[in-house]
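Peer 1: sequence? don't have it. structure:
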Ligand code: ADP
Ligand code: ZN
Ligand code: ZN
């Protein structure tokens, strides 16, 4: 599969060894000679006994790299003493996993190790401080291998999660096991299928496709119970924004104290403590976002990834790993099963399930015969033709009125990632941009302009900087505009807005959610922040103000994300006993994403989307490697990206099938005065692309030495860069 061939023994004369992987400075790597007797018998992750320091004390370490080049004077390199005869420890397997991540995602070994290893709390040392330099001095002739500049470790590396959950706020009331309902026959069948496999030693990969409210979480709980009964442990990943108190309580009711819950607000030390409990066997289950995947359970039996399609599973910092892929690898190394679950599976996972790679389970109906909401599409072009200039269509207004009259609540949803409104001149069309980045400045409140990429701030000008006209102002369908439209139709209705402006203060997100839950407002207006996780029993109408907004994001996954957002939004309506209505407003009623989302028909969406991907050679029908080259020197960025593109073409395109585009400016061509150029290579063969990463990386290092230029690789990126 890749150059490193993990799992096989590697040839090489020298090994890079780390002594203590939970130490803050995992970048203290020491080079040792591999004795002849061990050549070809050691690998990344192999534990070794080595002589350390002036006194040559025997210490335990792990191999994190193997090479043929001495990085120190040959005579000064010490030899590995032995490979201790004991079972491969959990550290070994995590280091092996880090080795895979390094190769697969094109990062350094150090960055990969820091991702899989939580570090101990940084303790402020009082008095005499032993520095890293002293460590090096004390070992005298040993060298420090890959000393990277990244000195602080962000163990969490979590998504920019909002304040969502009031998790671990005191002991929740646990339901009694006996009061619990019985699984329905569809749920039972899935659980039995899993148990049959698990008990006969089959470790499988499964995709659970179940509509919201179909009882997936209940199935997860039963699967974990089975695994624990068999003496194994489990990891359950849930995107932070979806991890509600309600879900936590259900797991706690089932597993009591033998459970850990982590979130991005835990300190490094707190997270370390939870991971230690896993290592010591004090817990059977850990629940958390992406990084919970690296919990050091030594007897892992199952990894569950809920909402597996969620983009929060892809790390945006190096190594840019995807939790789903990495979970598959970890499960393979540890002999564990993997269950993916979603109401709107990623195109990739569904594709794999249909091809037989994953076993497909489905729960097509909500439990207890609860109905999905009734959905209708409003064509905004027709609305305009008949003279309605409001952002709220007549049909949506009528549904809202009915709900308000019945004392029910309404959610209006603006289909974009964030809230931003740009400033332009109505006289000359001038748009105010960031002086350092190729993006428009967003208007915050009435007077502040801000760049979301570099943080640049400016005052809102009172006249156009280009033509001096006073007709300058903020545009874009924002939450404020929608709120104003609601107020003009329903002057007595209490509205709440949730957007970047109203959630800047800590916990304001939660406060808005809570006050809407307590019916302190009739209508909640927001961006996608309001879509996930929350259950509002009294919401009967959901309006999607402009469904098209995320559809043409200049990104091959935009249809998939739009379908997910629309389905999630629709899932907010009619969660209680009352029926729900969803009104989707759009200029593209015939687009397959909109029509299949309106019918809540995932299969129809999938069929059309996959044929588009096949046609265009996009993942998962093909693989795609994104290469990003950055420099503050525009000419250098251009020259280097041209050289890299030439090399990529030499390496790949002579073979039939590879498609290479670029170099060209990235989606955002400049961020913080750094020019960004991209090259994309698409090919069915994964290995061919990973092989190219290595070669290109080497060439780039030579071409760019002594410059500020940097290169980044992104395999099967979820967004274009
Ligand atoms: P999902 O995870 O698919 O959204 P949940 O597991 O959260 O679905 O189930 C939705 C609701 O239905 C929850 O309140 C859950 O307690 C309840 N539920 C799940 N399975 C059953 C069942 N077999 N009988 C009755 N209620 C159920
Ligand atoms: Zn102007
Ligand atoms: Zn900027």
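Peer 2: Great, that's in hand. In this text the structure is predicted, and so the values were computed from the model without any measurement. Ligands and ions are numbered 1, 2, ... in the order given.
Peer 1: interface residues of this structure facing ligand 2?
Peer 2: Residues of the chain lying close to ligand 2 by CB under 5 Å from the ion are 425, 427-428, 430, 464, 466-467, 469. Yep, even glycine has a C-beta here, placed from its N, CA and C like the rest.
Peer 1: which of those residues come close to ligand 1?
Peer 2: Applying CB under 6 Å from any ligand atom, the subset of those adjacent to ligand 1 is empty.
Peer 1: Just the ones in strands from the residues you listed, please.
Peer 2: Secondary structure from DSSP state E places residue 425 of the residues of the chain next to ligand 2 in strands.
Peer 1: So which of the residues of the chain next to ligand 2 is the closest to residue 354?
Peer 2: Closest approach between the residues of the chain next to ligand 2 and residue 354, by CB to CB: residue 430, at 50.2 Å.
Peer 1: Now do the same contact list for the residue nearest to that closest one when sequence neighbours are not counted.
Peer 2: Nearest residue to residue 430, sequence neighbours excluded (CB to CB, 6 or more residues apart in numbering): residue 466, at 3.9 Å. Contacts of residue 466 were listed using CB atoms under 8 Å, 6 or more residues apart in numbering, and they are 425, 428, 430.
Peer 1: Residue 34 now?
Peer 2: Residue 34 makes contacts with 12-15, 42, 66, 79-80, as judged by CB under 8 Å, 6+ apart.
Peer 1: out of these, which is most surrounded?
Peer 2: residue 15 (29 neighbours; other CB atoms under 10 Å).
Peer 1: what about it, which SS state?
Peer 2: Counting by DSSP: H, G, I helix; E, B strand; the rest coil, the backbone at residue 15 sits in strand.
Peer 1: Could you report the distance from it to residue 31?
Peer 2: 7 Å (CB to CB, to the nearest Å).
Peer 1: same deal with residue 202?
Peer 2: 42 Å.
Peer 1: again with residue 401
Peer 2: For residue 401, the distance to residue 31 equals 74 Å [CB to CB].
Peer 1: more crowded one of those two?
Peer 2: When residue 401 and residue 31 are compared for neighbours, residue 31 comes out ahead with 22 against 15, by other CB under 10 Å.
Peer 1: could you say which helix or strand contains that one?
Peer 2: According to DSSP states H and E, residue 31 maps onto strand 29-33.
Peer 1: need the next SSE after the lowest-mean-pLDDT helix or strand in the chain, C-terminal direction.
Peer 2: None of the helices or strands of the chain scores lower by mean pLDDT, DSSP states H and E than helix 132-138, at a mean of 32. Moving toward the C-terminus from helix 132-138, the next helix or strand (DSSP H and E) is helix 185-199.
Peer 1: got the buried residues for that next one?
Peer 2: Residues 186-187, 190-191, 194-195, 197-198 are the ones in helix 185-199 that count as buried (16 or more other CB atoms under 10 Å).
Peer 1: same check, this time on stretch 47-58
Peer 2: Quick answer for stretch 47-58 (16+ other CB under 10 Å): 47-48, 50-52.
Peer 1: Straight-line length of it, end to end?
Peer 2: Stretch 47-58 has an end-to-end distance of 13 Å (CA to CA, to the nearest Å).
Peer 1: Check the offset of it from the chain's centre.
Peer 2: 40 Å (CA atoms, centre = their mean, to the nearest Å).
Peer 1: and that stretch, what's its mean pLDDT?
Peer 2: Average pLDDT, stretch 47-58: 87.
Peer 1: start at 11 instead
Peer 2: From this message on, residue numbering opens at 11, which makes the last subject stretch 57-68.
Peer 1: re earlier: identify the farthest-apart pair in the buried residues of stretch 57-68.
Peer 2: Spatially, the most separated pair among the buried residues of stretch 57-68 is 57 and 61, at 15.1 Å (CB to CB).
Peer 1: just to revisit the earlier point, next, format the contacts of residue 44 as TSV and append pLDDT.
Peer 2: Output for these, formatted as TSV (pLDDT from 0 to 100):
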residue	pLDDT
22	82
23	89
24	92
25	92
52	86
76	89
89	92
90	93
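Peer 1: Might one say that residue 402 is in contact with residue 497?
Peer 2: No. The pair residue 402 / residue 497 is not scored as a contact, 10.7 Å apart, by CB atoms under 8 Å.
Peer 1: So between the two, which is more surrounded?
Peer 2: residue 402 (22 against 13).
Peer 1: shouldn't residue 627 be in contact with residue 669?
Peer 2: Yes. In this structure residue 627 lies within contact range of residue 669 using CB under 8 Å: 5.4 Å.
Peer 1: anything in contact with each of the two?
Peer 2: Shared contacts of residue 627 and residue 669 (CB under 8 Å, 6+ apart): 692-693.
Peer 1: burial count for the single nearest residue of the stretch 561-710 of the chain relative to ligand 2?
Peer 2: In the stretch 561-710 of the chain, the residue found nearest to ligand 2 is residue 680; the distance is 23.1 Å by CB to the ion. By the other CB under 10 Å criterion, the neighbourhood of residue 680 contains 21 residues.
Peer 1: and it, how far is that from ligand 3?
Peer 2: Between residue 680 and ligand 3 the distance is 8 Å, computed by CB to the ion, to the nearest Å.
Peer 1: Mind checking what secondary structure that residue has?
Peer 2: Judged by three-state DSSP, the three-state class of residue 680 is strand.
Peer 1: bridging residues for it?
Peer 2: On the basis of DSSP bridges, residue 680 is bridged to residue 685.
Peer 1: Distance of it relative to residue 673?
Peer 2: 14 Å.
Peer 1: What of residue 234?
Peer 2: 48 Å.
Peer 1: same deal with residue 555?
Peer 2: Remark: distance between residue 555 and residue 673 (CB to CB) = 38 Å.
Peer 1: same question, residue 278
Peer 2: Per CB to CB, residue 278 is found 39 Å from residue 673.
Peer 1: between these two, which one's more packed in?
Peer 2: Between residue 278 and residue 673, counting by other CB under 10 Å, residue 673 is the more crowded of the two (23 against 18).
Peer 1: Apart from its chain neighbours, what residue comes closest to the more buried one?
Peer 2: With sequence-adjacent residues excluded and distances taken as CB to CB, 6+ apart, residue 673 is closest to residue 651, at 3.6 Å.
Peer 1: what residues are up against that neighbour?
Peer 2: Residue 651 is in contact with 639, 672-673, 687-689, counting by CB under 8 Å, 6+ apart.
Peer 1: Pairing-wise in the sheet, spell out the partners of residue 349.
Peer 2: residue 216, residue 314.
Peer 1: can you pull the contacts of it?
Peer 2: Residue 349 sits next to 204, 216-218, 230, 233, 312-315 when contact means CB under 8 Å, 6+ apart.
Peer 1: One more pass at 10 Å, please.
Peer 2: By CB atoms under 10 Å, 6 or more residues apart in numbering, the contact set of residue 349 is 200, 204, 214-218, 226, 229-230, 233-234, 244, 246, 312-316, 318, 337, 368-369, 371.
Peer 1: do the same with residue 498
Peer 2: Taking CB under 10 Å, 6+ apart as the criterion, residue 498 is in contact with 400, 402.
Peer 1: ok, 6 Å please
Peer 2: Contacts for residue 498 (CB atoms under 6 Å, 6 or more residues apart in numbering) come out as none.
Peer 1: ditto for residue 59
Peer 2: By CB under 6 Å, 6+ apart, residue 59 lies in contact with 68, 91-92, 94.
Peer 1: List only those of those residues flagged as buried.
Peer 2: For the contacts of residue 59, a burial check counting by 16+ other CB under 10 Å picks out residue 91.
Peer 1: Tell me how far residue 317 lies from ligand 3.
Peer 2: Separation of residue 317 from ligand 3 (CB to the ion): 32 Å.
Peer 1: picking that back up, redo the residues of the chain next to ligand 2 as JSON lines? Include distance to ligand 3.
Peer 2: Below are the residues of the chain next to ligand 2 laid out as JSON lines (distance: CB to the ion, whole Å):
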{"residue": "435", "distance to ligand 3": "20"}
{"residue": "437", "distance to ligand 3": "25"}
{"residue": "438", "distance to ligand 3": "23"}
{"residue": "440", "distance to ligand 3": "18"}
{"residue": "474", "distance to ligand 3": "20"}
{"residue": "476", "distance to ligand 3": "19"}
{"residue": "477", "distance to ligand 3": "23"}
{"residue": "479", "distance to ligand 3": "25"}
